[in-house]
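S.K.: This is the structure alone, sequence omitted:
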């Protein structure tokens, strides 16, 4: 929050008509996404190498609008839980990449490149 509010003000001062600035924003955004995907890939490799089969109980969040107030517990292993979390992060990153790519290249909006690079 302390970064995003000044970033909104800074984004209004950027010249989005200059092709050099747009190319720098593209390089920065896609580089940050590539770094994120590489970190997830290396994390998945570490998780696969360790294969910790110790069983744990993980709280499952209640379904929205179901009226449940307490979370139920799911029995799983460290390996399975970490693999699911890494896969979830990979999916979220790729979906964000696809959405920002569509917004930028198809709709011509340039501000999300700057804001999502932070």
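M.R.: On my side now, so go ahead. Predicted, not measured: the structure shown is a model, and the values here were computed from it.
S.K.: quick one, what contacts the most centrally placed residue in the chain?
M.R.: Central residue of the chain (CA atoms, centre = their mean): residue 93, 3.9 Å from the mean position. The contact partners of residue 93, taken as CB atoms under 8 Å, 6 or more residues apart in numbering, are 33, 36, 37, 40. Any C-beta I mention is one placed from the backbone N, CA and C, and that applies to glycine too.
S.K.: are any of those buried, and which?
M.R.: 33, 36, 40 (16 or more other CB atoms under 10 Å).
S.K.: where does this protein have its least confident helix or strand?
M.R.: The weakest-scoring helix or strand in the chain, judged by mean pLDDT, DSSP states H and E, is helix 4-11 (a mean of 89).
S.K.: buried sites along the helix or strand just after that helix?
M.R.: Next helix or strand after helix 4-11 toward the C-terminus (DSSP states H and E): helix 19-50. By neighbour count with 16+ other CB under 10 Å, helix 19-50 contains the buried residues 22, 25, 26, 29, 33, 36, 40, 43, 44, 47.
S.K.: Please apply the same query to stretch 55-67.
M.R.: For stretch 55-67, the neighbour count (16+ other CB under 10 Å) marks residue 58 as buried.
S.K.: Kindly report the same for stretch 66-82.
M.R.: Buried residues in stretch 66-82, counted by 16+ other CB under 10 Å: 76, 78, 80, 82.
S.K.: now, among these, which is nearest to residue 14?
M.R.: Distance ranking of the buried residues of stretch 66-82 against residue 14, using CB to CB, places residue 82 first at 38.7 Å.
S.K.: can I get the buried ones among the contacts of residue 93 in a markdown table with pLDDT and distance to residue 68?
M.R.: Below are these laid out as a markdown table (pLDDT from 0 to 100; distance: CB to CB, whole Å):
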| residue | pLDDT | distance to residue 68 |
| --- | --- | --- |
| 33 | 97 | 35 |
| 36 | 96 | 33 |
| 40 | 97 | 31 |
